[in-house]
Each structure stands twice: as structure tokens, then as C-alpha cells.
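1. sequence-free structure coming up:
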Ligand SMILES: Nc1nc2c(ncn2[C@@H]2O[C@H](COP(=O)(O)OP(=O)(O)OP(=O)(O)O)[C@@H](O)[C@H]2O)c(=O)[nH]1
Ligand SMILES: [Mg+2]
């Protein structure tokens, strides 16, 4: 039997109301010991009453009792809506602990929901994404995962591999069943090719979903005085970084965040990169180079009027990165070249730069409205399966025997099951019986 857990579901601070959640077989009994009414319900019920510590009234509350399995966790659960004073909600939690509950660990309510079959692993993970979503678009993607649309993307792979695996096992173990389709080289090639294409597409869309979910890190680099800090301020629409005409004004990394078409852009303004004897400036420049290397995208800033060897150094530093080159101080340039991107941070003329960032993100409308496997763990498993699939396809084309291939196919199938958290009760015999009537 699982212990009854308790936790505060709302932030631990003063507010109008607070919600304390309990879940577990004993939660009605535990709450009855400090609630003014006995909780013994056979369907979900809302009750009004008092929290009592012996005879003393602690608070007047509303209590929601959920009868299993119709609760978030699938267990008997209680939500107490109290007044939002830390003294009150802490007192209620203490009473629950004193009467047999224990404090829930982070994510434990969700993990119980998963264990009780209320959701699969992808759905459980999406709850965290939903809570941490920083833009409306990121929230939309998390909601699609929560309602199961993302998990459905895995179904065709699961079905194909499960069917193939069962078919191979039946072919090997039950040769007397003559009416069962024979697995041959062509069949394996066909299934692998189809799924390789499908998974490659899933990964491509997943990477884009990942950008919408987690945002991207963009570093602004360039030699001193080209206007990096002015660009940061213009993009953030805020006077965040110090701007001056003295070279080497910015010494430490200045960070800011803004949302561009639903994508969170984590922006880093850095110290101007140049040869310097100044110790502190040198430390700042090393930080600039580190930020440049860590960034998903680099904005390299040049001031055309002063292009020199220091700028060439910047170009060599970014050559292996994804980058956008901008010519700032366009207001001072009379002859403009069609191939370059000009902006004027001083005059807030930065739309060209925003457009260039959007182009680099390469997001289309579909990325915002369709579910995608965008969680890092999930994408990692998919990439693994893709590699295994390519290997099986290759081995198969090199005429490796089917019973040797079947070990890799089984591993792939298990990985796909682990994606949705179903790998723990994998049983090949069960798989075969669910598909064929052998051994009846
Ligand atoms: N005319 C003009 N001046 C600009 C523009 N952008 C920035 N400046 C000026 O250029 C000078 C340097 O700007 P900053 O933004 O501090 O430059 P920085 O690249 O951050 O410099 P460091 O921090 O020293 O590396 C300031 O005097 C700005 O006002 C622009 O678009 N046009
Ligand atoms: Mg600066």
C-alpha cells in the first residue's frame, strides 16, 4: 500500500487562498481526524467545514474529496482550499503529517498518476513543461502532450515494430502455423525504410518544438563600440545595458529575455572582443568567447566605417557557428549594399534583425499548431531508435539472418515502449497472443 502524501499545491506565500493536496488510501481517514465533518464518500464531493486542532478552529475551508479512480492520481484524494496565510496552510500540513501523511517529493502526485495508468510518461512529463512554459505557444505544445496527442505520434512505430517482432517469433517458434505471413528480407526493408522516414520527420519537428519550448540562446558579439549593448537595449525595449562611446564599456555579460513569435530569446550582450592588457577587460573578453561558443545563434555586429583586423578576428571566431552578420549605425552609412543587413540601434531600426532571427529559427505555422516530441529525453530515445533502425536495415540488406536481427528489433521496440513508460511490463508472449491465436 502506498503511503498518503501531502503537499501545498499553491506557491508558499501569502495570497487570498491556498490549496493543500493529499493523495493515498488513508487520506479520507487522515483528513477526518482534523476536519469538522467525517469524510466517507463513495463519489467525489465538495464539503464546507472547519479545520480543527483539538478543539481550536484553525480555519474555515472548502474540502474536495475525490473517490478513486476518478481523481488526478487515480487514488483517493483530497484538496483543501484554505485562506492563504502561511501560518494557516503550514498548520494544516502539520496536522496531516501528525495524523499519518508524509510530505510528497517533487512530482510525486504526477508519478502516482502515471503509475496508476492515468497517463503515460510523455503526458506526465508535459505537466512540468506546462508549469514552466514561458510563452503561450510553449503552453500550447505542453497541453497537446498532456491530452495525449503527442503520445499518438509514437503509436504507428509501436504497432509496426510490435507486429514485426511477433511475426518473427511466430515464424521461428511455430513453424507449423502455415497460414501466418512469412517474414522475409523485403518485408523488413519495407518496415525499416518507412519508419526511418517517419522518425526523421518526428525528430525534425521535435527540434523545432524544442525551440518553442525552451527558447534559444543568442549572443551578441563584436569588437568594442560597434553598438552591441545598444542592440540589446533595442531588442529588449529597455535600457538594460550601459551604452557609451568609450571602448570597453561592457565588461561582464548582460542578459535579457524577449519573446519573438512565441519563441523565448535569451539574449547575451558581451564585452567587445579585442587585444587588451587590462586584466578585468581580459576576463570579460574570455567570457564573451565562451558565450559565443555556447550560443545557439550568434549576432556578429560590425560598424562598416571601421572594418579592420579586429573584425576579421570576430569573423574567424564565428565561422563554425550559426550566425547573423549585422552592420550597425546604418544612419551613418550613405552607400548601402543589397547583400548586407543594416540596422540602426540608435534609432531603434532593428526590424531587419528580428526578421533575420526568425528566418534562422526556420519555424512554420505547423510547428505552433501540431504536437511534437520536443522533450530532450524523448528526442534522445527517438534518435537512438533511428540509429538502431538504420543498422537493422543495413544488416538486413547484407543478408544477416532474421533471428539475429530480431534481437535488435526487440531492443528498438523496448526503447519505443520506454518512451511512453510501458517497458516495465513487456512480455513477448503477451505481445504474440494479443496479435495471433497461436497456442489456444
Ligand atoms: N550613430 C549611431 N550610433 C550608435 C548606434 N548604435 C550605437 N551607437 C553609439 O555607439 C557607441 C557605442 O555603443 P555601445 O552600444 O555602448 O557599443 P558596444 O558595442 O556595446 O561597446 P562595448 O561595450 O565597449 O564593447 C555609443 O555612443 C552609442 O550611442 C547607431 O545605430 N547609430
Ligand atoms: Mg557594450
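-> Received, thanks. This one's a predicted model, so the numbers in the text were calculated from it and none came from an experiment. Ligands and ions are numbered 1, 2, ... in the order given.
2. all contacts plus neighbour counts: C-alpha atoms, from now on.
-> Noted.
3. For residue 292, pull up the helix or strand it's in.
-> helix 279-294 (DSSP states H and E).
4. Stretch 271-289 and ligand 1 in contact?
-> Yes - figure legend: stretch 271-289 in contact with ligand 1 (Cα under 6 Å from any ligand atom); contacting residues 271, 272.
5. just how off-centre is the longest helix belonging to the chain within its chain?
-> With residue count as the measure and DSSP state H as the assignment, the chain has helix 185-214 as its longest helix. On the basis of Cα atoms, centre = their mean, to the nearest Å, helix 185-214 is displaced by 18 Å from the centre of the chain it belongs to.
6. can you give me the strands in the chain?
-> In order along the chain, the chain carries the following strands (DSSP state E): 5-8, 15-23, 45-53, 56-66, 77-84, 102-103, 216-221, 254-260, 263-269, 297-302, 323-327.
7. Which residues does the shortest one contact?
-> I take that to be strand 102-103. 3, 4, 5, 6, 7, 96, 97 (Cα atoms under 8 Å, 6 or more residues apart in numbering).
8. Repeat the analysis, applying 10 Å as the threshold.
-> Residues from elsewhere that reach strand 102-103 (Cα atoms under 10 Å, 6 or more residues apart in numbering): 3, 4, 5, 6, 7, 8, 22, 93, 94, 96, 97.
9. Let me know the pLDDT of the fourth one.
-> For residue 6, the model assigns a pLDDT of 94.
10. Pretty sure it sits against residue 99.
-> No - look at residue 6 against residue 99 with Cα atoms under 10 Å: they stay out of range, at 11.2 Å.
11. hey, what's in contact with both of these two?
-> Residues touching both residue 6 and residue 99 by Cα under 10 Å, 6+ apart: 27, 93.
12. who's more crowded, these two?
-> residue 6 (28 against 17; other Cα atoms under 10 Å).
13. Can you tell me the closest non-neighbouring residue to that one?
-> Closest residue in space to residue 6, ignoring its immediate chain neighbours: residue 22 at 4.4 Å, by Cα to Cα, 6 or more residues apart in numbering.
14. What is the neighbour count of the one you found?
-> Here the neighbour count serves as a burial measure; for residue 22 (other Cα under 10 Å) it reads 30.
15. State the pLDDT value of residue 178.
-> Each residue has a pLDDT score; the one for residue 178 is 68.
16. that older thread, from what I see, the residue nearest to residue 6 and residue 29 are in contact.
-> No - between residue 22 and residue 29 no contact is recorded; they are 11.3 Å apart, counting by Cα under 10 Å.
17. mind listing what the residue nearest to residue 6 touches?
-> For residue 22, the contacting residues are 4-9, 28, 30-31, 65, 75-80, 93, 96, 101-104, 109, taking Cα under 10 Å, 6+ apart as the criterion.
18. could you flag which of the residues you listed are buried?
-> Among the contacts of residue 22, those classed as buried by 16 or more other Cα atoms under 10 Å are 4-8, 28, 30-31, 65, 75-80, 93, 96, 101-104, 109.
19. Flag every residue of the stretch 201-350 of the chain that's near ligand 1.
-> The stretch 201-350 of the chain has residues 223-230, 243-245, 247-250, 271-272, 328-329, 331-332, 344-346 near ligand 1, with proximity defined as Cα under 6 Å from any ligand atom.
20. switch to 5 Å and redo it
-> Within reach of ligand 1 by Cα under 5 Å from any ligand atom, the stretch 201-350 of the chain has these residues: 224-230, 243-245, 247-250, 271-272, 329, 344-346.
21. Can I have the buried ones of those as a PyMOL selection?
-> Typed into PyMOL, the line below selects the buried ones among these, using 16+ other Cα under 10 Å:
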select buried, resi 224+225+226+227+228+229+230+243+248+249+250+271+272+329+344+345+346
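22. how about the strands of the chain, which one is nearest ligand 2?
-> In terms of Cα to the ion, the element of the strands of the chain nearest to ligand 2 is strand 263-269, at 6.9 Å.
23. in its sheet, what does the closest one sit against?
-> Counting by DSSP bridges, the strands paired with strand 263-269 are strand 216-221 (parallel), strand 254-260 (antiparallel).
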